[in-house]
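K.L.:
Quick one, fold the following:
(one chain, ligands or ions: 2)
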Amino acid sequence: MQTASTSTAMLSTSTRAINKHNDARTETSTMQPAISLTHVTKRYAMPRGCNVVGLDDVSLMVDSGQFVSVQGPSGSGKTTLLLTIGGMQRPTSGQVVVAGHDLYAIGQAERTKFRAIHLGFVFQMFHLVPYLNVIENICLGADGRPDNRQQAHALIERLGLTERQQHKPSRLSVGECQRTALARALIARPDIILADEPTGNLDPENTEEVLRVLAQYCHEGGSVLLVTHGAEAQHHADQRLKMEQGRLC
Ligand code: ADP
Ligand code: MG
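P.N.:
Ligands and ions are numbered 1, 2, ... in the order given. Next up, the predicted model:
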């Protein structure tokens, strides 16, 4: 079995996974939330002793299978929230537990490994590799299991990319780019998808398609935390939150 951390960082070892995305990955984490933030604050240190508040005493619980939307204006702390949950930004204070792992109690190398195993990311700007075609970009997210190629083809079909699989990003529409990025995030079947304004560049039709795929992922047992300045994800979300000046409400 593959786990990302030593047992000292595991908060529970007694439960068996029912999350379909976990396979043999986290037999430890089902009775606990997918994400748990407790009194998390992030202050960015600025010159002359000034601090900018990114997160202000944020507590949050996301269960397995939940679709959570966080809506807030630019600068309210949405990206900071995702970076913190993604193990890429240590909070100033508070505890971040993701898939049963106390993220900032483990070393950086373990955190990187943890991220690759448990988390998938989708961004507004897609971040596709320009010189790779669709299927190659998707396979960048693969985790080396024997069925990766099969999984890539299944996602290509499901996301309507069959005719585009040999095309590079410069020849794709923005909707196709985002669906490729989505497939790249889904291919390794992570426990949790973190999505930062994933529909910010899309028209209403493509927006709905991306949200529908994310919602389906939750129905299959994965968890999604999506942050956005708009209200487009609300009708898919099980938990709808707002963010303002670093605070969740
Ligand atoms: P959002 O994603 O909602 O637009 P961010 O999380 O990017 O908000 O930013 C929240 C606040 O933290 C903003 O005031 C922003 O200027 C500040 N901030 C974000 N990243 C940094 C950083 N690396 N250094 C200093 N301030 C930052
Ligand atoms: Mg942002």
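
K.L.:
Quick check, central residue of the chain?
P.N.:
Residue closest to the mean C-alpha point of the chain, counted by CA atoms, centre = their mean, is residue 194 at 1.8 Å.

K.L.:
so who does it touch?
P.N.:
The contact partners of residue 194, by CB atoms under 8 Å, 6 or more residues apart in numbering, come to 82, 85-86, 119-122, 225. (C-beta placed from N, C-alpha, C; glycine too.)

K.L.:
Next step: these restricted to strands.
P.N.:
119-122, 225 (DSSP state E).

K.L.:
and of those residues, the nearest to ligand 1?
P.N.:
The nearest member of the ones in strands among the contacts of residue 194 to ligand 1, counting by CB to the nearest ligand atom, is residue 225 at 13.1 Å.

K.L.:
That closest one bridge partners, please.
P.N.:
Taking DSSP bridges, one obtains residue 68, residue 194 as the residues bridged to residue 225.

K.L.:
How many residues are close by it?
P.N.:
25 (other CB atoms under 10 Å).

K.L.:
How about residue 205?
P.N.:
Residue 205: 8 neighbours (other CB under 10 Å).

K.L.:
What strand or helix carries it?
P.N.:
Element membership of residue 205 [criterion: DSSP states H and E] is helix 204-219.

K.L.:
hang on, the earlier thing: may I ask which two of the contacts of residue 194 are separated the most?
P.N.:
The most widely separated members of the contacts of residue 194, counting by CB to CB, are 85 and 122 (13.7 Å).

K.L.:
ok, now which ones touch the residue in the chain positioned nearest to ligand 2?
P.N.:
Minimum separation of the chain from ligand 2 (CB to the ion) falls at residue 79, amounting to 3.2 Å. By CB under 8 Å, 6+ apart, the contact set of residue 79 is 196, 227.

K.L.:
just residue 120 next, same as before
P.N.:
By CB under 8 Å, 6+ apart, the contact list for residue 120 reads 141, 185-186, 188, 190, 192-194.

K.L.:
how close does the nearest residue to it once chain neighbours are set aside sit to ligand 1?
P.N.:
Once flanking residues are discounted, residue 120 sits nearest to residue 185: 3.5 Å by CB to CB, 6 or more residues apart in numbering. Using CB to the nearest ligand atom, to the nearest Å, we find residue 185 at a distance of 19 Å from ligand 1.

K.L.:
Residue 185 - how many residues pack around it?
P.N.:
24.

K.L.:
Please report how far it lies from residue 220.
P.N.:
If you measure residue 185 against residue 220 using CB to CB, to the nearest Å, the figure is 14 Å.

K.L.:
now do residue 183
P.N.:
As judged by CB to CB, residue 183 and residue 220 stand 15 Å apart.
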